[in-house]
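Student: Structure, please.
(2 chains)
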Amino acid sequence: MKDAIYTQTLLTGLVERQPMPLAQVKAAAKEVLLIVKDGLLRDGSVRIQNFGTFKLKYVAEHQGRNPQTGQAITIKAQNRVVFTPAKALRELIEPNRAKAIPVSETKAASQAVVRPVIPVTSSASPQVSERAHAALTAMPEQAVKSVPATELAQPIQADKQNIKSNRKIYFLGTGSVLIIVLLIFLSQKDQEISSQPIIAKQTVAPIIIQSTPAAPVQQKITTIDAVEEQSTTDIAQTTHTPPVTSAIQKEEKNTFFFTERNHILVYGDSLWKLAEHNYGDALLWTHIYQANQDSIRNPDRLREKYQITLPSLQGSVDALTQEDRYHIAEGYYLAYLHYKAIGNKDSFFALLEAKRYSAKLVKEKMSSLNLSLAEKLLLKHQSNL
Amino acid sequence: MTTGEIVKLLAARQGITQVEAKKIIQGFFSEIALHLADGKSVILRDFGSFGCKQIPQKRQYLPGKNCQCDIPAHKKLFFRTAKKLKGQLNEPTE
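Tutor: Numbers count the residues shown, from 1 in each chain, chains lettered A, B, ... in the order given. Predicted structure coming up:
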């Protein structure tokens, strides 16, 4: 690049304006650029006051062409840095930037005059399109006057009559449809009112018979009437439901509460949301994090269009098994390490949460952790689930 | 990440006060801005380069105004990422 400025000239200029040791400024400038890089990896965006923002943009793999030979190439998926200058910088570079002007209005006006003339030529022919007539009726009076009145008078009148008749048909049609709908609605209501008391009378007798302790198999083979009975009488429900639910529970015990499957990340996905949607409890997000610890570097920033696995849950949210708890606690432990490495003040809470799920895991990892006394005490008093 | 966070990190890593750190950061970026305003390009090794492009007048449809507009000639700022930074941001571990 011609007359480009490098770091050396930048910094000497800076030292001239603000008296500071050059070596210190040099080291600091190097550090600033490193911090910006770290910030891009951590948050995905770095905003500098009165200068602009650097943003990381993920671009998926796509097809491209070599501009010289025209050969097709696959461009790898990559992160790109996008810089958007701040308003202050934009104004500094171009102080008086002219605004965009709409294409001259004179042209638009001339087009508006020309347009109404077009339907006039078509109206001379016997078959006239409806659109042209609509345009004519909407046209200002002056434009109509310029056209010979005798030619236009008949088609306009005919058209007005047509519109009137069309309106009549429309109102009649909608009115009749509304009346029919009302009639159907009323008749159905009458049927309901008349049918309800009859069912109630019929159902009184069978309830009394079934309320005595009977085999659960017989209950399953109930008619539609019987189902309605249960909803009407509370006493019948309380006596019958327990054996049925226990049977369903036995079936569930053989299968997992949630079976493993893959998920491709889309815009707006987060581990918290995924856990809430799939497991019914957002606090289990570390279960997903633990299963994908090799692919997810930062749990707060997921990559779009990237495939992750949603691991299986053996027990339900209310009754987690020992293995599930261990996995979730391990995820919290990983999250603790991540947040601690970043320098997050609240990283310790992740460890507390890990102990809540599994005290066994925290005991195992205790030797590798360098905790302060206060933290150890807090951990001691953290209760289990 | 914002300027405040950068100031705190720089002060902690370099062992200087936050006031000094803020002065250095503001001075550094304002120096870049001044050179860009002169019409020169700035190259930061292993990070990237800033520069200005002259864009000629053109006619374009603007959805905000809902009409064809004549956009006057203007300058446009660009940032080109250095190869080293690109490599660091695209490490295969993630």
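
Student: rest of the way, CA atoms for contacts and neighbours
Tutor: OK.

Student: Who is residue 48 paired with across the strands?
Tutor: Just going to use chain A. Under DSSP bridges, the beta-bridge partners of A:Ile48 are A:Gly52.

Student: wrong chain, I was asking about chain B
Tutor: Listed by DSSP bridges, the beta-bridge partners for B:Gly48 are B:Leu44, B:Thr81.

Student: what about it, how many neighbours?
Tutor: Using other Cα atoms under 10 Å in any protein chain shown, B:Gly48 is surrounded by 17 other residues.

Student: Relative to A:Glu276, how far out is A:Gly64?
Tutor: From A:Gly64 across to A:Glu276, the span is 39 Å (Cα to Cα, to the nearest Å).

Student: And those two? Which one has more around it.
Tutor: Counted by other Cα under 10 Å, A:Gly64 and A:Glu276 do not tie: A:Glu276 has more neighbours, with 15 against 12.

Student: give me the number of residues near the closest residue to the more buried one other than its chain neighbours?
Tutor: Closest residue to A:Glu276 apart from its sequence neighbours, by Cα to Cα, 6 or more residues apart in numbering or on different chains: A:Ala282 at 4.1 Å. Number of residues near A:Ala282 (other Cα under 10 Å) recorded here: 15.

Student: Show the pLDDT at A:Ala282.
Tutor: If you check A:Ala282, the pLDDT there is 88.

Student: for B:Ser30, same thing?
Tutor: Per-residue confidence at B:Ser30 stands at 92 (pLDDT).

Student: what's the answer for B:Ile16, then?
Tutor: pLDDT, B:Ile16: 90.

Student: So which bits of the longest helix seen in chain B are buried?
Tutor: Assignment by DSSP state H gives helix B:18-37 as the longest helix of chain B. For helix B:18-37, burial by neighbour count (16 or more other Cα atoms under 10 Å in any protein chain shown) applies to B:18, B:21-22, B:24-33, B:35-37.

Student: What about chain A: which of these touch it?
Tutor: By Cα under 8 Å from any Cα of the partner chain, the members of these lying near chain A are B:21, B:24-25, B:27-33, B:35-37.

Student: quick one: which two of the residues you listed are the most distant?
Tutor: Using Cα to Cα, those reach their maximum pairwise distance at B:Ala21 and B:Ala37, which is 24.4 Å.

Student: Could you break chain B into its assigned domains?
Tutor: Chain B is divided into the following domains under automatic domain parsing: B:1-39, B:41-94.

Student: Of these, flag the one that's most buried.
Tutor: domain B:1-39 (a mean of 17; mean count of other Cα atoms under 10 Å in any protein chain shown).

Student: Show the contacting residues for whichever residue of chain A sits closest to chain B.
Tutor: Proximity of chain A to chain B (Cα to the nearest Cα) peaks at A:Pro102, 4.0 Å away. If you count contacts by Cα atoms under 8 Å, 6 or more residues apart in numbering or on different chains, A:Pro102 has them with B:Cys67, B:Gln68, B:Cys69, B:Asp70.

Student: who touches the first one in this structure?
Tutor: Contact analysis of B:Cys67 by Cα under 8 Å, 6+ apart lists A:Pro102, A:Val103, B:Tyr61.

Student: do the last one as well
Tutor: Going by Cα under 8 Å, 6+ apart, B:Asp70 touches A:Ala100, A:Ile101, A:Pro102, A:Val103, B:Gln57, B:Lys58, B:Arg59, B:Gln60.

Student: With distance to A:Gly175, pLDDT and secondary structure as extra columns, can I get the contacts of B:Cys67 in a markdown table?
Tutor: Output for these, formatted as a markdown table (distance: Cα to Cα, whole Å; pLDDT from 0 to 100; DSSP: H, G, I helix; E, B strand; the rest coil):
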| residue | distance to A:Gly175 | pLDDT | secondary structure |
| --- | --- | --- | --- |
| A:Pro102 | 48 | 86 | strand |
| A:Val103 | 49 | 83 | coil |
| B:Tyr61 | 46 | 91 | strand |
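
Student: From A:Asp300, how far off is A:Leu271?
Tutor: 8 Å.

Student: repeat for A:Arg167
Tutor: 61 Å.

Student: Now do the end-to-end distance for stretch B:6-20.
Tutor: First-to-last distance for stretch B:6-20 - Cα to Cα - comes to 12 Å.

Student: And the contacts of that stretch?
Tutor: With Cα under 8 Å, 6+ apart as the test, stretch B:6-20 has contacts from A:Ala28, A:Glu31, A:Val32, A:Ile35, A:Val36, B:Ala21, B:Lys22, B:Ile25.
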